[in-house]
Every structure is written in structure tokens, then in C-alpha cells.
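S.K.: Prediction below, plus the sequence it came from.
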Amino acid sequence: MNSILENNNICHQVEQVAEVAGYLWQKGWAERNGGNITINITEYVDDNIKNLHPISDIKPIGTTLPYLKGAYFYCKGTNRRMRDLARKPMDNGSVIRILDDCANYVIIADKPVLPTSELPSHLSVHNYLLSIGSSYRASLHTHPIELVAMTHNPKFLQKDIATHILWSMIPETKAFCPRGLGIVPYMLPSSVELANATIKTIADNYDVVMWEKHGVFAVDTDIMSAFDQVDVLNKSAQIYIAAKNMGFEPEGMSIQQMRELSDAFGLPK
Ligand code: 2HA
Ligand code: ZN
């Protein structure tokens, strides 16, 4: 096997990651090496892949994650650029296998590209998702400009304040991001505290978690869906800011209009 992309399902998943990486760069959400993507591809792994020899040393995850025993992930490489990953996903990311001790991993394909510095937090989230029987297989961290800008005002950091403003800017936002925007106060990037707070917020029923003054962390069934949720939220933030730039506070859809929308599409109240 020359490339793990000879497996059609894995090829499709990695192509989706590359497509999203290109969007993140085009949107200005992925300066330098900003952002991370991790995809659980275990369900697509065939015997050929299971038999692949490691191409790295055994490396510690930094934590023990019992639900990840024998799991496989495609991960963006540490210090790699989204704009490069968009063109060459297997030069700027790699596939790892979690060992049976659930505390170490090896790289198996295609090249020994070291995974993202945020690997412990991404894998901890995937471990949590599997522990609750979730069908979510993708995690995305990115720096969406207008959403991050809003977190520099403490009024948007109170629970569900930003969610309700964003939902009320355009009907699609609640329809396509029905759980809204969870908020995690500023914490050091890559820290265990940030990973734990992110899991706690996902457990509180959010798919998109805002890291104050940093970026978002989103989860969904696949990477395109995780990107779509962030995209609709940031579109609403842009509309909010455009109205403010025209010199007025946007009215927002009324409570009645929001209720009608939720009833019509079976969305949470
Ligand atoms: O890996 O965005 O927060 C690059 C980052 C870390
Ligand atoms: Zn970041």
C-alpha cells in the first residue's frame, strides 16, 4: 500500500478534511498554523490498515482514554498550515493508531507527521463522544474572526446571550445550529483545563464551544457538518456587526418569530 488513501472511505474522509481546510484559509480563520482537525476513521479501517507497521516511535497521548482502545484518527500535523493541508493532506497530517493501553499512540500513515499540539484535548473529546454512544466523528478548532471579536465584550459571555442574538439574526442559524454556542472562559491554549472545560460544555448539550478570545471548538458527525455549524454562527455574527457598523442595534427576529420557527422545524425552544 503506497498511501492509506487507497482505502476509498478513508480517501473520502480525508478529501473532506482538505476541502474544509481550504475554506478555513479562504475565510481568514486559519492564519499560519492556526486551528486543528481530528477525524475518527476507525469504522473504515480494513485488515490491510490494521496490519500496517508503525512509522513512528510509541508516543504518549498525555492522558489515558479508555474508549479509544485500538481507534484510528486522521489528525492535522503540529505546526502545519491549513492552506497547505488543503492541497496536500497527507504531507500535513497523518493517521495514528491508539495502542491497547489507551495512553500511547503510533503514526501508521502516510508519513511521520507529528499530530497537532492540541491532540490530548481533541482525543479527550472523542473519548467522551464514544463514552456516550455519540455518532459524532469529527472535531474542528478554528479562529472565526467575528465570533472571536464578540468574546472581547463580557456581555456576550453570559450563558446563551450570544446564542440568542445570533439565532435571531437570520432564521437559518437556529435551524442549522440548534444547540447554539457554548462558552468557555479564557484558558491557556492546549491546557488540560481547557480540554476538560470543553468536554463539560459539550456535555451541557452544545456542538460548538467558544473559547473566549481564542476560537471555537466544534463537533459533529463529519467535518463538513462541524464546519457548517461554525459557518452559520459566524455569518450571524457578521450580520450583527454589519448592522452595528451602520450605526444601529439590529432588531433581531421577534420572540414570536423564533417560536414559530422552532415549532415549524421541530427545534428545541
Ligand atoms: O494549533 O490554533 O490553539 C493551532 C491552534 C492552537
Ligand atoms: Zn487556536
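M.R.: Structure received. Numbering: from 1, shown residues only. Ligands and ions are numbered 1, 2, ... in the order given.
S.K.: which residue does the stretch 51-200 of the chain bring closest to ligand 1?
M.R.: Using CB to the nearest ligand atom, the single residue of the stretch 51-200 of the chain nearest to ligand 1 is P189, 4.2 Å away. For every residue, glycine as well, the C-beta is placed using N, CA and C.
S.K.: number of nearby residues for the spatially closest residue to that residue that is not a sequence neighbour?
M.R.: Once flanking residues are discounted, P189 sits nearest to H214: 6.5 Å by CB to CB, 6 or more residues apart in numbering. Taking other CB atoms under 10 Å as the neighbour definition, H214 ends up with a count of 18.
S.K.: hang on, isn't the residue of the stretch 51-200 of the chain closest to ligand 1 packed against E212?
M.R.: No. Contact between P189 and E212 fails when scored by CB atoms under 8 Å: they sit 11.6 Å apart.
S.K.: Between those two, which has more neighbouring residues?
M.R.: With neighbours defined as other CB under 10 Å, P189 and E212 compare such that E212 has more, 17 against 13.
S.K.: Roughly how far does the residue nearest the centre of the chain sit from Q257?
M.R.: When the chain is reduced to its mean C-alpha position, the nearest residue by CA atoms, centre = their mean turns out to be L140, at 1.7 Å. Using CB to CB, to the nearest Å, we find L140 at a distance of 30 Å from Q257.
S.K.: go on, A138?
M.R.: Distance from A138 to Q257, counting by CB to CB: 32 Å.
S.K.: Confirm G182 sits in a helix?
M.R.: No. With DSSP: H, G, I helix; E, B strand; the rest coil as the criterion, G182 is located in strand rather than a helix.
S.K.: Can you tell me the number of residues neighbouring it?
M.R.: 25.
S.K.: Just give the nearest non-adjacent residue to it, would you?
M.R.: The nearest residue in space to G182 (CB to CB, 6+ apart) is Y206, at 3.2 Å.
S.K.: just for the stretch 51-200 of the chain, where's the confidence low?
M.R.: Low-confidence segments of the stretch 51-200 of the chain, defined by pLDDT under 70, are absent.
S.K.: Flag every residue of it that's near ligand 1.
M.R.: For the stretch 51-200 of the chain, the residues in contact with ligand 1 under the definition CB under 6 Å from any ligand atom are T116, S117, E118, H141, P189.
S.K.: between those, which has the most around it?
M.R.: So for these (other CB under 10 Å), the most neighbours sit at H141, 28 neighbours.
S.K.: and the gap between N7 and K213?
M.R.: From N7 across to K213, the span is 40 Å (CB to CB).
S.K.: show me where the stretch 51-200 of the chain has strands.
M.R.: For the stretch 51-200 of the chain, strands defined by DSSP state E, counting those that start in this stretch occupy the ranges 59-60, 72-76, 93-98, 104-109, 138-142, 181-184.
S.K.: Isn't A86 up against E15?
M.R.: No. Using CB under 8 Å, A86 is not in contact with E15; the gap is 10.5 Å.
S.K.: Show me which of the two is the more surrounded one.
M.R.: In terms of neighbours (other CB under 10 Å), A86 is the more surrounded of A86 and E15; the figures are 20 against 12.
S.K.: Count the neighbours of P144 for me.
M.R.: Neighbours of P144 under the rule other CB under 10 Å: 26.
S.K.: and if you look at M224?
M.R.: For M224, the neighbour count with other CB under 10 Å is 16.
S.K.: ok, which stretches of this protein are helices?
M.R.: Counting by DSSP state H, the chain has helices at residues 8-26, 47-50, 82-87, 119-131, 145-150, 161-167, 171-176, 192-203, 223-245, 255-265.
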